[in-house]
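> this is the structure alone, sequence omitted:
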Ligand code: SF4
Ligand code: SF4
Ligand code: FES
């Protein structure tokens, strides 16, 4: 099978972006975008579709198992993990591959997502007391723990920007864990941060649910956190 990958490239945030097309041939039925990017970079001489030599394509990966979130990018217009998207299933004449658009570009397909960590620091999303395990809470805790911090949900969210006060679902999932696990008295500050940085800015369209590569039940987590952080305090 032969595929054409059209990759948006850029040497830095300040540099002008440009598109470059590459031909990738494979017999692997399960070849993914990550497989193609690895194979292109493994060539002794990387050339584009016109035969011009090119620099290696900068992209990030860690696990190649849909577990680390490092390879998040925009593939054929949708945010996704490169190691989770099979080329054969795209049925596109040209497969467009771009960096996530809400974050500063470091190089080619690599973006700087340090704002995700900074947002969690603002919310103070860490344990401040013992959080005894409870069978009733395990479902929600497990669901929330599956967040990869990949940023795909932020790509599609109309309300998230790196400069804004709304931190999106990437902050909601870890916050949900703590709201659920911490004793009520210990979670007072967290409830306020949740209200300010998640609840107040979310339009609740759940567009983010459809792109989450971990398949997290975002609605379930939202319902749980809104109940714990917003509604119960008025009772
Ligand atoms: S529900 Fe809508 S506004 Fe809220 S995080 Fe998801 S996409 Fe953004
Ligand atoms: S909620 Fe889903 S899409 Fe958003 S950061 Fe977590 S794993 Fe990625
Ligand atoms: S490389 Fe880890 S999720 Fe793709």
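Yep, it's here. Keep in mind it's a predicted model, so treat the numbers as computed, not measured. Ligands and ions are numbered 1, 2, ... in the order given.

> count of neighbours near the closest residue to residue 4 other than its chain neighbours?
In this structure, residue 4 finds its nearest non-sequential neighbour in residue 94, 4.8 Å apart by C-beta to C-beta, 6 or more residues apart in numbering. Every C-beta, even on glycine, is put in place using the N, C-alpha and C of the backbone. Residue neighbour count, defined by other C-beta atoms under 10 Å, stands at 14 for residue 94.

> would you agree residue 94 is in contact with residue 21?
Yes - between residue 94 and residue 21 there is a contact at 7.1 Å, judged by C-beta atoms under 8 Å.

> anything in contact with each of the two?
By the contact definition C-beta atoms under 8 Å, 6 or more residues apart in numbering, residue 94 and residue 21 are jointly contacted by 4, 5, 6.

> for those residues, which one is nearest ligand 1?
Ranked by distance to ligand 1 (C-beta to the nearest ligand atom), those are led by residue 6 at 26.8 Å.

> check contacts around residue 150.
Residue 150 makes contact with 69, 70, 72, 81, 170, 213, 214, according to C-beta under 8 Å, 6+ apart.

> please convert the residues you listed to TSV, extending it with secondary structure and distance to residue 143.
Formatted as TSV, those follow (DSSP: H, G, I helix; E, B strand; the rest coil; distance: C-beta to C-beta, whole Å):
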residue	secondary structure	distance to residue 143
69	coil	16
70	coil	22
72	strand	20
81	strand	18
170	helix	15
213	coil	15
214	coil	9
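
> select from those residues the one having the most neighbours.
Per-residue neighbour counts (other C-beta under 10 Å) across those peak at residue 72, which has 30 neighbours.

> excluding covalently adjacent residues, which one is nearest to it?
residue 150 is the one closest to residue 72 (C-beta to C-beta, 6+ apart), at 4.0 Å.

> name the element that neighbour belongs to?
Secondary structure assignment for residue 150, by DSSP states H and E: no helix or strand.

> state the pLDDT value of it.
Residue 150 carries a pLDDT score of 98 in this model.

> one more: residue 131?
Residue-level pLDDT assigned to residue 131 equals 85.

> go on, the one 3 residues further on?
Among the per-residue scores, residue 134 holds a pLDDT of 84.

> count the neighbours of it for me.
Residue 134: 10 neighbours (other C-beta under 10 Å).

> how much space between it and residue 140?
10 Å (C-beta to C-beta, to the nearest Å).

> buried sites along the host helix or strand of residue 116?
For residue 116, the host element (DSSP H and E) is helix 114-123. Using 16 or more other C-beta atoms under 10 Å as the test for burial, helix 114-123 gives 115, 116, 119, 120, 123.

> tell me where the protein has strands.
2-9, 18-25, 72-75, 78-81, 95-98, 105-107, 110-111 (DSSP state E).

> run through who's touching the first one.
By C-beta under 8 Å, 6+ apart, the residues outside strand 2-9 that reach it are 17-26, 33, 36-37, 40, 49, 57, 87, 93-99, 108-109.

> could you give the angle of it to strand 18-25?
Angle of strand 2-9 versus strand 18-25, following axes from the mean of the first three to the mean of the last three C-alpha atoms, to 10 degrees, is 160 degrees.

> name the residues of strand 2-9 that are buried.
Buried residues in strand 2-9 (16+ other C-beta under 10 Å): 3, 5, 6, 7, 8, 9.

> got the residues you listed as JSON lines, with distance to ligand 1 and pLDDT columns?
Output for the buried residues of strand 2-9, formatted as JSON lines (distance: C-beta to the nearest ligand atom, whole Å; pLDDT from 0 to 100):
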{"residue": "3", "distance to ligand 1": "30", "pLDDT": "97"}
{"residue": "5", "distance to ligand 1": "28", "pLDDT": "98"}
{"residue": "6", "distance to ligand 1": "27", "pLDDT": "98"}
{"residue": "7", "distance to ligand 1": "27", "pLDDT": "98"}
{"residue": "8", "distance to ligand 1": "23", "pLDDT": "98"}
{"residue": "9", "distance to ligand 1": "28", "pLDDT": "98"}
